[in-house]
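Undergrad: Please find the sequence and the predicted model below.
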Amino acid sequence: MNKKIAFIGSGNMGSALIRAASRALNPQQIYITDYDLAKASSLARETGCQTAATNADAAGLGDFIFLCVKPQIIGDVLHEISPYLNRQCETGKEKVLISIAAGLTIETLRQKLDGACRRLPFVRIMPNTPAAIGKGMLAMAFGPEVSEDILADLELVLFRAGRIERLSETMMDAFTTVSGCVPAFAYLFIEALADGAVLTGLSRHQALTYAAQAVLGAAAMVLETGRHPGELKDAVCSPKGSTIAGVSALERNGFRSAAIEAITDAYQKNTELGKIG
Ligand SMILES: NC(=O)C1=CN([C@@H]2O[C@H](COP(=O)(O)OP(=O)(O)OC[C@H]3O[C@@H](n4cnc5c(N)ncnc54)[C@H](O)[C@@H]3O)[C@@H](O)[C@H]2O)C=CC1
Ligand SMILES: O=C(O)[C@@H]1CCC=N1
């Protein structure tokens, strides 16, 4: 794949995708830009990618243009790069736009483009930050104008981010919640488990390592055995044992309903983000 890839925005999520893409391709194929150019330059030095001085330059250089800015800003960026995309549309150059913004539909984003570039193929992806180390989960939604060749190339750019699935756009807000947001909830859980372990005498480093490894192992058991998490939980709880005492404390404190409401509240917010367009 010899296409050029541009990233506009190299913050928390953009930088994770840039790290993944730079492992999948020759990093010299990748152009990074950001409002904060020092941030883009430092990441370019670390990954071997190139920098683009402006959003317009990035849009001009990239065959695939990733938009990795906040949902509140992406409309302005699309408006800003439209003239440069239009110039290239006139020369018959086929570019592909890719948004990672939570909530915003492809149709809403398309309306932010001015002129002929409104017809360009547009893909909406939803990654999560573990993409930085190849352990991410990523969904792609797209319309009929996006060819199989484009999708295959996009998967080549992103395969080092982790697992990739194609998803109907109607499911993207639900996916964003259970995949994009959940790492934060899991970090909170791991941190709290480690706090408890420090109370029982382990060092902070030991507590974080053991708690994180236990959560990692449990997640892998769910994915790799296909067994229901309830059944796996039962296999840890010995009669009159310590684990069931801990499970009881979690239930007493509303752990399950807190987790369910974390998902439903975050989902609600994702749908609201979609209305800012
Ligand atoms: N952080 C996460 O875990 C995830 C974030 N997302 C989506 O990723 C997008 C970016 O979010 P984060 O990376 O968390 O935010 P961030 O604030 O870390 O990164 C945004 C970057 O955009 C840059 N920026 C701001 N205005 C700009 C402009 N006009 N032109 C070029 N660059 C500009 C900022 O300097 C910053 O580096 C959002 O749309 C969010 O919905 C999606 C999945 C997960
Ligand atoms: O918090 C946010 O809005 C983004 C979307 C998914 C993860 N982070």
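TA: Great, that's in hand. Worth saying up front: this structure is predicted, and the values here are computed from it rather than measured. Numbering: from 1, shown residues only. Ligands and ions are numbered 1, 2, ... in the order given.
Undergrad: hang on, residue 94 is in a strand, isn't it?
TA: No: using DSSP: H, G, I helix; E, B strand; the rest coil, the assignment for residue 94 is coil, not a strand.
Undergrad: Near ligand 1, which residues of the stretch 1-150 of the chain are found?
TA: Residues of the stretch 1-150 of the chain lying close to ligand 1 by Cβ under 6 Å from any ligand atom are 8-14, 34-36, 39, 55, 68-71, 73, 77, 100-102, 126-129. (C-beta placed from N, C-alpha, C; glycine too.)
Undergrad: wait, what's in contact with the closest residue to residue 271 other than its chain neighbours?
TA: Nearest residue to residue 271 in three dimensions, chain neighbours excluded: residue 173, at 5.3 Å (Cβ to Cβ, 6 or more residues apart in numbering). Neighbour list for residue 173: 102, 103, 267, 270, 271, 274 [criterion: Cβ atoms under 8 Å, 6 or more residues apart in numbering].
Undergrad: Closest to ligand 2 out of these?
TA: residue 102 (3.7 Å; Cβ to the nearest ligand atom).
Undergrad: follow-up on the earlier one: buried ones in the helix or strand containing the residue nearest to residue 271?
TA: If you go by DSSP states H and E, residue 173 is part of helix 172-175. By neighbour count with 16 or more other Cβ atoms under 10 Å, helix 172-175 contains the buried residues 172, 173, 175.
Undergrad: And for residue 250, the neighbour number?
TA: Neighbour count of residue 250, defined by other Cβ atoms under 10 Å: 12.
Undergrad: before we move on, what about the one 10 residues further on?
TA: Burial measure for residue 260: 11 neighbouring residues, criterion other Cβ under 10 Å.
Undergrad: mind checking how far it is from ligand 2?
TA: Plainly put, residue 260 is 18 Å away from ligand 2 if you go by Cβ to the nearest ligand atom, to the nearest Å.
Undergrad: can you confirm that residue is in a helix?
TA: Yes: assessed with three-state DSSP, residue 260 lies in a helix.
Undergrad: circling back to that earlier point, any idea of the mean pLDDT for the helix or strand following the helix holding residue 173?
TA: Using DSSP H and E, the helix or strand that follows helix 172-175 in sequence is helix 182-199. What helix 182-199 shows for mean pLDDT is 98.
Undergrad: Now helix 182-199: buried residues?
TA: 182, 185, 190, 193, 194, 197.
Undergrad: List the buried residues in the helix or strand just after that helix.
TA: Downstream of helix 182-199, the next assigned helix or strand under DSSP H and E is helix 204-225. Within helix 204-225, the residues that qualify as buried are 207, 208, 211, 212, counting by 16+ other Cβ under 10 Å.
Undergrad: ok, and does the helix or strand of the chain with the lowest mean pLDDT reach over to ligand 2?
TA: Across the helices and strands of the chain, mean pLDDT, DSSP states H and E gives its lowest value to helix 71-90, namely a mean of 94. No: shown here: helix 71-90 not in contact with ligand 2 (Cβ under 6 Å from any ligand atom), separated by at least 7.4 Å.
Undergrad: Just the CA atoms of the helix or strand residue 98 falls within, as PDB, please.
TA: Assessed by DSSP H and E, residue 98 sits inside strand 96-99. Only the C-alpha atoms of strand 96-99 are listed here, as PDB (Å, rounded to 0.1, in the frame of the first residue of the first chain):
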ATOM      1  CA  VAL A  96     -10.900   9.500   1.400                       C
ATOM      2  CA  LEU A  97     -12.000  11.300   4.600                       C
ATOM      3  CA  ILE A  98     -12.100   9.400   7.900                       C
ATOM      4  CA  SER A  99     -13.600  10.900  11.100                       C
END
